[in-house]
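> any chance you can model this:
(chains A, B, C and D)
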Protein chains: 2
Amino acid sequence: MADKPRRPDLAAMLAPLLRELIAAEEPVLAAHEVSMWGYVVLSALDAAPMRTQAALAATIGADKTRIIRDLDELQQRGLIERRPDPDDRRVRLLAITEAGRAVKNAVQAEIQRGEEHWLGVLDAEERRTFLRVLSRLSAGEPT
Amino acid sequence: MADKPRRPDLAAMLAPLLRELIAAEEPVLAAHEVSMWGYVVLSALDAAPMRTQAALAATIGADKTRIIRDLDELQQRGLIERRPDPDDRRVRLLAITEAGRAVKNAVQAEIQRGEEHWLGVLDAEERRTFLRVLSRLSAGEPT
DNA sequence: TATTGTTATACTCTATAACTATA
DNA sequence: TATAGTTATAGAGTATAACAATA
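Predicted structure coming up:
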């Protein structure tokens, strides 16, 4: 029996697209002297402050040990706050600062302007549907 | 002035989704004893045979040096053909075999069945638009 | 001299394990 | 003893450079 016609796998389509998007982000991040993870941290803390570094790491899908350097640098530059919880001095309360929010917003605005290179080829309905579906799939649907 | 409401970056939405998709692929690939790159190679050679390993590497976005082990293994298992071009014995003509195509199709069918976990939450119109847009963006639009 | 494929080396990124300080 | 954070180590994956064969 003949093979059914197949579409490409989702991962096979997503991977090269993501690679290109990341490559386009790199000069923007470099211009603002923020690392990729640093930017992810700023975005996460902009959405909500965190009570522990482990929780932040879990939220952004990183290992808790590999964001420490980024937290050090972000804190040193005054882009985040990171102070021991008086109630439990083991934990570090994390929050974005106004300066951090300004950097994050500037970077994000530039990145999204760059993304028009891709989104610009879509018509209004495609764009709306694509972004909506993507945000739904990315969030992780209920099991 | 107040900040405009922003959507998340494309990369920020694509990255976690891709991570989940890859995690879902791994057991399937393991069951068929094919590496991720091996599967990518089979898919590329299924679409079109290649005249050089460098061309194949470029097509799949890999370094030419890092697919050699995979080519070795695929050839040894009879999943691809890899023979010197009589006209230029430096180059290796690459093609998928029938056995290779069978493995690739089996893996792909399982992977796409697994992807229904994500696509299944979409309605017909969302699904159609999403897949169409993705394939267009992934291909890389004309500059 | 240039090119294909290969091997060897170095580098980056990530994960694992061990340590400290608090509880 | 258990947990949050940190540091040190090791491992995987990738890129860079050198090499052999052929043109």
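
> name the SS class of A:R90, please.
For A:R90, the assignment made with DSSP: H, G, I helix; E, B strand; the rest coil gives strand.

> give the burial count for it, as a bare number.
Using other C-beta atoms under 10 Å in any protein chain shown, A:R90 has 7 other residues around it. All C-beta spots, glycine's among them, are computed from the backbone N, C-alpha and C.

> please apply the same query to A:A57.
A:A57 has 21 neighbouring residues, counting by other C-beta under 10 Å.

> now it: how far from DNA strand C?
9 Å (C-beta to the nearest atom of the strand, to the nearest Å).

> would you confirm that that residue contacts A:I68?
No - contact between A:A57 and A:I68 fails when scored by C-beta atoms under 8 Å: they sit 9.4 Å apart.

> up against DNA strand D, what does chain A have?
Neighbours of DNA strand D within chain A, by C-beta under 7 Å from any atom of the strand: A:52-55, A:64-65, A:68, A:71-72, A:90-92.

> buried residues, stretch A:27-35. List them.
Residues of stretch A:27-35 classed as buried by neighbour count (16 or more other C-beta atoms under 10 Å in any protein chain shown): A:28-29, A:34.

> identify those among those residues that sit within helices.
With DSSP state H as the criterion, helices contain A:28-29 from among the buried residues of stretch A:27-35.

> could you export the buried residues of stretch A:27-35 to a markdown table, including columns for distance to B:L122 and pLDDT?
Output for these, formatted as a markdown table (distance: C-beta to C-beta, whole Å; pLDDT from 0 to 100):
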| residue | distance to B:L122 | pLDDT |
| --- | --- | --- |
| A:V28 | 31 | 96 |
| A:L29 | 32 | 96 |
| A:V34 | 34 | 95 |
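
> closest to B:T129 among the buried residues of stretch A:27-35?
Taking C-beta to C-beta as the measure, B:T129 lies nearest A:V28 of the buried residues of stretch A:27-35, at 28.5 Å.

> for the closest one, which non-adjacent residue is spatially closest?
Counting by C-beta to C-beta, 6 or more residues apart in numbering or on different chains, A:V28 lies nearest to A:E110, which is 4.7 Å off, once chain neighbours are set aside.

> that neighbour contacts A:L29, doesn't it?
No - A:E110 is beyond contact range of A:L29, at 9.3 Å (criterion: C-beta under 8 Å).

> elements contacting the strand or helix carrying A:L56?
Assigned by DSSP states H and E, A:L56 falls within helix A:53-60. Applying 3 or more C-beta pairs under 8 Å, 6 or more residues apart in numbering or on different chains; DSSP states H and E, one finds that helix A:53-60 contacts helix A:36-47, strand A:88-96.

> that helix versus helix A:36-47: what angle between them?
100 degrees (axes from the mean of the first three to the mean of the last three C-alpha atoms, to 10 degrees).

> buried sites along helix A:53-60?
A:53, A:56-57, A:60.

> then stretch A:59-71?
Buried residues in stretch A:59-71, counted by 16+ other C-beta under 10 Å: A:60, A:62, A:67, A:70-71.

> just name the closest of those to DNA strand C, please.
Within the buried residues of stretch A:59-71, the smallest distance to DNA strand C is 6.5 Å, found for A:A62 (C-beta to the nearest atom of the strand).

> now the closest residue to the closest one other than its chain neighbours: how far from A:R101?
Distances taken as C-beta to C-beta, 6+ apart place A:W37 nearest to A:A62, at 6.5 Å, with adjacent residues excluded. For A:W37, the distance to A:R101 equals 17 Å [C-beta to C-beta, to the nearest Å].

> so does stretch A:89-96 get close to chain B?
No - figure legend: stretch A:89-96 not in contact with chain B (C-beta under 8 Å from any C-beta of the partner chain); closest approach 13.1 Å.

> from B:R89, how far off is the spatially most central residue of chain A?
Computing the C-alpha centroid of chain A and ranking residues by C-alpha atoms, centre = their mean puts A:V40 first, at 3.9 Å. Applying C-beta to C-beta, the value for A:V40 to B:R89 is 49 Å.
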